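In: Predicted coordinates and the sequence they were generated for:
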Amino acid sequence: MRIPLAVLAAGLVLTVGACSAPSNAAHPGRTVAVDPVTAAAPTNGPTGGPAASGGSEASGGAGPSGSAGATDGWVPGATTPGSLPPVVEHGPRVGNRVALTFDADMTDSMLRRLASDPSVSFANRKVVDILERTRTPATFFLTGEWVETYPDLTRQLAANPSFELANHTYRHQAFKSPCYNLPTIAPDAMAGDVAHTFDVIAPYGGRQTRYFRFPGLCYDNAALQALAPLGVTVVQGDVVSGDPGATAAPPIVHAVLSKVRPGSIVILHITEANAQFTDEALQPILDGLKAQGLRPVTLSELFR
């Protein structure tokens with residue numbers, strides 16, 4: 001099992017004690033250089049999550065798609081349980097690779113909205129259709145409640161060998177407050193929430209990872225300490241699309257194409273009702289990346 005040492009060796013920096021803001025805001029965190037030789041591999045087997053992850057094989061147990069999340073004896077993003085999780089904001093600034101990532105948010109308030117209005121959807125299937133039609137690799141950060149609400153679409157994502165599955169908490173609560181008016185999770189519940197989400201995702205199989213993203217990108221050192229037992233890599237991003245709440249597609253396209261560069265991690269959403277124009281923006285984004293000579297890849301490929 002290995003962590004993406006290529007990224008670290010390429011001079012990537014890790015951010016500690018920060019709450020990432022929208023792309024036009026200052027980042028308050030401090031950065032520290034990483035020595036790649038200190039990123040030791042975990043001791044668990046090819047498909048099992050660390051023992052502290054809360055029970056079942058959280059990093060790629062066989063499931064409906066019939067495959068495991070690990071290849072060549074390693075789980076993407078796995079780190080040594082008990083160590084402070086690395087926080088990655090971009091990949092190597094060489095070559096032409098970029099990673100498109102899609103958050104699948106689900107909060108308790110979103111669930112209540114679904115219950116009161118069955119016509120509402122927080123699963124943008126058009127986004128998935130475009131990615132599959134164009135054979136575009138992507139990484140999906142799934143909340144546990146989203147997976148439980150949309151098991152068929154989760155199964156579809158897991159069945160596609162071009163897609164990776166990652167963890168975005170169970171119910172999208174903030175790990176640092178304030179954070180976009182999200183309810184805040186109690187510190188002693190953080191590790192259990194993330195571990196439970198791995199357990200929710202695990203039965204679907206596919207290309208599972210130990211990548212994790214904080215809701216709203218908000219975190220501090222206490223949140224990182226809470227996740228230390230889980231053996232994860234925190235993946236944030238350097239290109240924030242702004243698709244939640246956008247009122248048209250062009251601003252999303254501009255936000256991505258004006259900031260993307262080699263090694264970028266682009267943050268988009270597949271939550272439809274609160275990111276209504278992501279599907280309309282996606283094809284122009286793909287065309288623009290191609291025009292710039294950039295190639296979308298999964299996170300694990302970006303980090304190799």
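Out: On my side now, so go ahead. Note that the structure is a prediction, hence the values are computed from the model and not measured. Residues are numbered from 1 along each chain as shown.

In: By mean pLDDT, point me to the weakest helix or strand of this structure.
Out: strand 30-33 (a mean of 28; mean pLDDT, DSSP states H and E).

In: Run a quick neighbour tally on residue 112.
Out: Other residues near residue 112 number 10, with proximity taken as other CB atoms under 10 Å. For every residue, glycine as well, the C-beta is placed using N, CA and C.

In: confidence score at it?
Out: Residue 112 carries a pLDDT score of 97 in this model.

In: Assign it to helix, strand or coil.
Out: Under DSSP: H, G, I helix; E, B strand; the rest coil, the three-state class of residue 112 is helix.

In: Which neighbours in the sheet does the lengthiest strand in the chain have, and how are they oriented?
Out: Assignment by DSSP state E gives strand 97-104 as the longest strand of the chain. Note on strand 97-104: by DSSP bridges, its sheet partners are strand 138-142 (parallel), strand 265-269 (parallel), strand 295-297 (parallel).

In: So which of these is nearest residue 124?
Out: Set against residue 124 and scored by CB to CB, those come closest in strand 265-269, at 7.7 Å.

In: Show me the contact partners of the closest one.
Out: Contacts with strand 265-269, where a contact means CB atoms under 8 Å, 6 or more residues apart in numbering, come from 88-91, 98-105, 124, 127, 217, 235-241, 243-244, 252, 256, 260, 275, 278, 282, 285, 299, 302.

In: Give me the subset of those lying in helices.
Out: The members of those that map onto helices under DSSP state H are 127, 252, 256, 278, 282, 285, 299, 302.

In: The last one and residue 196, how far apart?
Out: This means residue 302. 27 Å (CB to CB, to the nearest Å).

In: These two: which has the busier surroundings?
Out: Applying other CB under 10 Å to residue 302 and residue 196 shows that residue 302 carries more neighbours, namely 28 against 20.

In: doesn't residue 99 make contact with the more buried one?
Out: Yes: using CB atoms under 8 Å as the test, residue 302 is close enough to residue 99 to be in contact (4.4 Å).

In: if I look at residue 112, how far off is residue 122?
Out: For residue 112, the distance to residue 122 (CB to CB) stands at 12 Å.

In: Also residue 217?
Out: According to CB to CB, residue 217 and residue 122 sit 19 Å apart.

In: what about the stretch 1-150 of the chain, any weak spots by pLDDT?
Out: Where the stretch 1-150 of the chain drops to pLDDT under 70, the residues are 1-73.

In: how about the helices of it, start to end?
Out: Here the stretch 1-150 of the chain has its helices, by DSSP state H, counting those that start in this stretch, at 5-9, 108-116, 125-133, 144-149.

In: Just put these in a markdown table and tack on distance to residue 76.
Out: Shown next, in a markdown table, are these (distance: least, CB to CB, whole Å):
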| stretch | distance to residue 76 |
| --- | --- |
| helix 5-9 | 12 |
| helix 108-116 | 28 |
| helix 125-133 | 19 |
| helix 144-149 | 19 |
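
In: Among those, which comes closest to residue 231?
Out: That would be helix 5-9 among those, by CB to CB, at 15.7 Å.

In: isn't there a helix covering residue 191?
Out: Yes: Residue 191 forms part of a helix when assessed by three-state DSSP.

In: Apart from its chain neighbours, what residue comes closest to it?
Out: What sits nearest to residue 191 in space, not counting adjacent residues and going by CB to CB, 6 or more residues apart in numbering, is residue 226, at 5.3 Å.

In: sec struct for the one you found, please.
Out: When classified by three-state DSSP, residue 226 comes out as helix.

In: count of neighbours near it?
Out: Residues near residue 226, counting by other CB under 10 Å, number 22.

In: same deal with residue 138?
Out: Close neighbours of residue 138, defined as other CB under 10 Å, add up to 24.

In: isn't residue 278 right up against residue 243?
Out: Yes: look at residue 278 against residue 243 with CB under 8 Å: they come within range, at 4.6 Å.

In: Which neighbours do those two have in common?
Out: Joint contacts of residue 278 and residue 243 (CB under 8 Å, 6+ apart) are 252, 268, 269.

In: Now flag whichever of those residues is closest to residue 204.
Out: Closest to residue 204 out of those is residue 269 (19.7 Å), distances taken as CB to CB.

In: Just give the nearest non-adjacent residue to that closest one, would you?
Out: Closest to residue 269 by CB to CB, 6+ apart is residue 275, at 4.0 Å.

In: got it, and residue 257?
Out: Sequence neighbours aside, residue 288 is the residue nearest to residue 257 in space, at 4.2 Å (criterion: CB to CB, 6+ apart).
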